[in-house]
Structure formats: structure tokens, C-alpha cells
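# Pasted the sequence and its predicted model underneath.
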Amino acid sequence: MIRIMPRWSIHPFAKTYVAGESVQETVLVVKKVNDRGFTCTLDILGEHVKSGAEAENITREYCDLYDVIAVENMNCNISIKLTHIGLALDKTIATDNLVRILKQAKKHDNFLRIDMENSPYTQQTIDLYKNCVSDYPNMGIVLQAYLKRSLEDARNLNRTGFNTRVCKGIYDERETIALKDRAAIQDNFFNITKEILSGNGFAAIATHDIPLIDRIDEWIESTQVSSNRFEFQVLYGVPMGGRLEQLLDKGYTVRQYVPFGKEWFDYSLRRLKENPKIMSYVLGNLFKR
Ligand SMILES: Cc1cc2nc3c(=O)[nH]c(=O)nc-3n(C[C@H](O)[C@H](O)[C@H](O)COP(=O)(O)OP(=O)(O)OC[C@H]3O[C@@H](n4cnc5c(N)ncnc54)[C@H](O)[C@@H]3O)c2cc1C
């Protein structure tokens, strides 16, 4: 049903989760989010480019985006997917493109986070991160709590300067490598976060799961982890019932992941599948037209 929805019926819903198609629209959204006390990370929607030329274009767009962030004085960094800059085509293309973006991040004293994609890319992503981080320390990675390997990855990577987002993971992975039980994923998320914060790393705690946020928040308070060692992250537009403002009031950094670009339709379908309750809203829209 979701797959056959016309684009116009999804558009009002998409506006909740996507800043816009253009950089100009996105700048306005980021400034509004900044004014409410949140920092942002920008993502140009898309992944798995089909040609080197496409990867080159996206790389240039990301490099330009750092200039825009600086000129517009936005409190904002950038997240990328490696298959968006060519990893599925050729590792050398992706490495070259990544280094170009990292140079821009360094020039602007900004930060780049590499999103984590599905499991065929896990090790390649970690390897690329390890190859680049000593020259470009302003970079971070993501660990997915549903992967059985992630706690061990956290142990191996955790040292001063290690900066990772912890999320549950969004792809459909097989049972041999991924936890399937919700409580087990929550426990793994908690343990990975504890591992990083008990060592010397920085944790970006990316979840909308309020009981999990409460559990981590309580642990942080009880162990008095300094607030410059972590931040909370959410996807732009996901309703959080005031919990984010409570985190801000405690002096914590809360970052919103703001996607934008021409690929808004596919991204919005993914959000819809995650929260089918919103389907009634979209269907209502279909009939209102
Ligand atoms: C900032 C950020 C960055 C991420 N980066 C990555 C990444 O690099 N790689 C990766 O694999 N995954 C990434 N994810 C996705 C993540 O792995 C989860 O799939 C997603 O966040 C849903 O899990 P949850 O922890 O919010 O908990 P859930 O248990 O899924 O959700 C908790 C509650 O939030 C609600 N909710 C969750 N998502 C939405 C939504 N989109 N719209 C409306 N309500 C929603 C649910 O209905 C539920 O009530 C990222 C998530 C965030 C927040």
C-alpha cells in the first residue's frame, strides 16, 4: 500500500521529517531548530549512487555545504553515507571522496560523521574510519546496537578522540549477526554507551525510545559523566513529548538529524513504515485533495 502512494499524498507528511529539497530551504529550518536550542547534523538524502560522476556530484555538494554552514553561522555538522559517495562502486573512489569532505570539515573546524549502513559495509566503514581518523580527528562513526559485534567494536575502538553515535540500527539483518529481541537491543545499546563513557570516548546517544533515554540519563547522572562526553540525537520531526527540552534544561547537547534533498520521497516512505500509525494521516490527505 505504502509503495503505491502518489508523491503528492506523501508530501505534507514528508515536510515533518525533511527540511526541504534545496539548501536554501534547509538553512531556514536549521536556523529555526538552532533558535530552539538544538544543534543539527545535515544529511543529503540518498545512498548507493550508480556512477562515479554521481558520487563526485554528491561529494561536491557536501563540500559546499560546509561553506554554507560557516557563512550562515549555523550550529551544525554533517552526516554522510559512504555508499552515497561511491563505496558500493569502488573503495578508492569512496576513499578519495571521503578525504575531500574531511579536508573541508577540517578547514572549517567542523565535524563529519559517517552513518552506518547495512552489514556488508560494517567492516569497510570501520576500516575507512580507522585509516582516516589520525589525519582527520574531527570525524566520527556509528555503532548499531542490534549487531552482536558492536559491543566488541566499541571496546576495540574506544580511546581518546573516539566519537561514535550509538543507534539501534535500521536495516533488516539476519539473526546470525543481529539481535532481534527488543529488550536485548535496548540492553546492548545501554552497554555500548556505558562502555564508551566508562572509557575515553564520546557517545552520541541516538534514539527516540524514552525508557532507554531515561535509563541512560539516570546512569549518566549517577556516575557524573561530564556533559562534554556525550550528546543526545534524534531525527528531525519525531515527536518526543517534551523530553528533549528536559535534556536541554539539564545542560545537555541535543542534536537533530536533518535530512534534505531531492530523494525525500524514499526517505519519507521509510519513516512511514516505521510508524504506520501516521498512515491514517496520509490516507486522510489522499481523500481531502
Ligand atoms: C540521529 C539518528 C541517527 C541515526 N543514524 C543511523 C545510522 O547511521 N544507521 C542506522 O542503521 N540507523 C540509524 N538511525 C536509526 C536507528 O537505528 C533506529 O532505526 C531508529 O532511530 C528507531 O529506533 P529508536 O531507537 O528510536 O527506537 P524505537 O523503539 O524504534 O522507537 C521508539 C519510539 O519512537 C517512535 N519513533 C521512532 N522512529 C520514529 C519515526 N521516524 N517517526 C515517528 N516516530 C518514531 C516509535 O514509534 C516508538 O514509539 C539513526 C537514528 C537517529 C535518531
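Looks like it came in fine. Residues are numbered from 1 along each chain as shown.

# now Thr16, nearest residue through space, not along the chain?
Gly237 (4.2 Å; Cβ to Cβ, 6 or more residues apart in numbering). For every residue, glycine as well, the C-beta is placed using N, CA and C.

# what about the one you found, which SS state?
When classified by DSSP: H, G, I helix; E, B strand; the rest coil, Gly237 comes out as coil.

# check contacts around it.
Thr16, Tyr17, Val18 (Cβ atoms under 8 Å, 6 or more residues apart in numbering).

# Gly86 versus the last one, what's the distance?
Val18 sits 23 Å away from Gly86, going by Cβ to Cβ, to the nearest Å.

# the helices in the stretch 1-150 of the chain, which residues?
Using DSSP state H, counting those that start in this stretch, the helices of the stretch 1-150 of the chain run over 7-17, 23-35, 52-71, 91-107, 122-133, 150-157.

# CA-only coordinates of the fifth one in CSV, if you can.
What follows is the C-alpha trace of helix 122-133 in CSV, where atoms were taken according to Å, rounded to 0.1, in the frame of the first residue of the first chain:
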residue,chain,number,x,y,z
THR,A,122,30.2,-2.5,8.5
GLN,A,123,33.8,-3.6,8.4
GLN,A,124,34.7,-1.5,5.4
THR,A,125,33.2,1.6,7.2
ILE,A,126,35.2,0.8,10.3
ASP,A,127,38.4,0.3,8.3
LEU,A,128,37.9,3.6,6.4
TYR,A,129,37.3,5.4,9.7
LYS,A,130,40.5,3.9,11.2
ASN,A,131,42.5,4.8,8.1
CYS,A,132,41.4,8.4,8.2
VAL,A,133,40.9,9.4,11.8
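
# what packs against that helix?
helix 91-107, strand 112-114, strand 139-144, helix 150-157 (3 or more Cβ pairs under 8 Å, 6 or more residues apart in numbering; DSSP states H and E).

# Generate JSON lines for these, with mean pLDDT and mean neighbour count as supplementary columns.
Compiled in JSON lines, those are given as follows (pLDDT from 0 to 100; neighbours: other Cβ atoms under 10 Å):
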{"stretch": "helix 91-107", "mean pLDDT": "98", "mean neighbour count": "18"}
{"stretch": "strand 112-114", "mean pLDDT": "98", "mean neighbour count": "24"}
{"stretch": "strand 139-144", "mean pLDDT": "98", "mean neighbour count": "23"}
{"stretch": "helix 150-157", "mean pLDDT": "98", "mean neighbour count": "18"}
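
# if we compare the ones you listed, which one ends up closest to Leu197?
When the helices and strands packed on helix 122-133 are compared by Cβ to Cβ, helix 150-157 sits nearest Leu197, at 10.3 Å.

# lowest average confidence, helix or strand, in the protein?
Ranked by mean pLDDT, DSSP states H and E, the weakest helix or strand in the chain is helix 279-288, scoring a mean of 54.

# contacting residues around the residue nearest to Asn138 when sequence neighbours are not counted?
Residue nearest to Asn138 in three dimensions, not counting chain neighbours: Phe111, with 4.8 Å by Cβ to Cβ, 6+ apart. Contact analysis of Phe111 by Cβ under 8 Å, 6+ apart lists Asn77, Ile78, Ala105, Asn138, Met139, Gly140, Asn163.

# Tell me the one among those nearest to the ligand.
Gly140 (10.5 Å; Cβ to the nearest ligand atom).

# The closest one is in contact with Asp115, isn't it?
No - between Gly140 and Asp115 there is no contact under Cβ atoms under 8 Å: 10.1 Å.

# what sits against Thr39?
Listed by Cβ under 8 Å, 6+ apart, the contact set of Thr39 reads Asn75, Cys76, Asn77, Glu231, Thr253, Val254, Arg255, Gln256.

# Which of these fall within strands?
Using DSSP state E, the subset of those located in strands is Cys76, Asn77, Glu231, Val254, Arg255, Gln256.

# By neighbours, which of those wins?
Cys76 (27 neighbours; other Cβ atoms under 10 Å).

# Nearest spatial neighbour of that one, chain-adjacent residues omitted?
In space, Cys76 is closest to Cys40, 4.3 Å off (Cβ to Cβ, 6+ apart).

# Could you measure from the residue nearest to Thr16 over to Cys40?
12 Å.

# just Ala14 next, same as before
Distance from Ala14 to Cys40, by Cβ to Cβ: 18 Å.

# Of the two, which one has the most company?
A side-by-side neighbour count of Ala14 and Cys40, using other Cβ under 10 Å, places Cys40 first with 25 against 21.

# I'd say the more buried one and Lys31 touch.
No - contact criterion Cβ under 8 Å: Cys40 and Lys31 do not qualify, at 9.5 Å.
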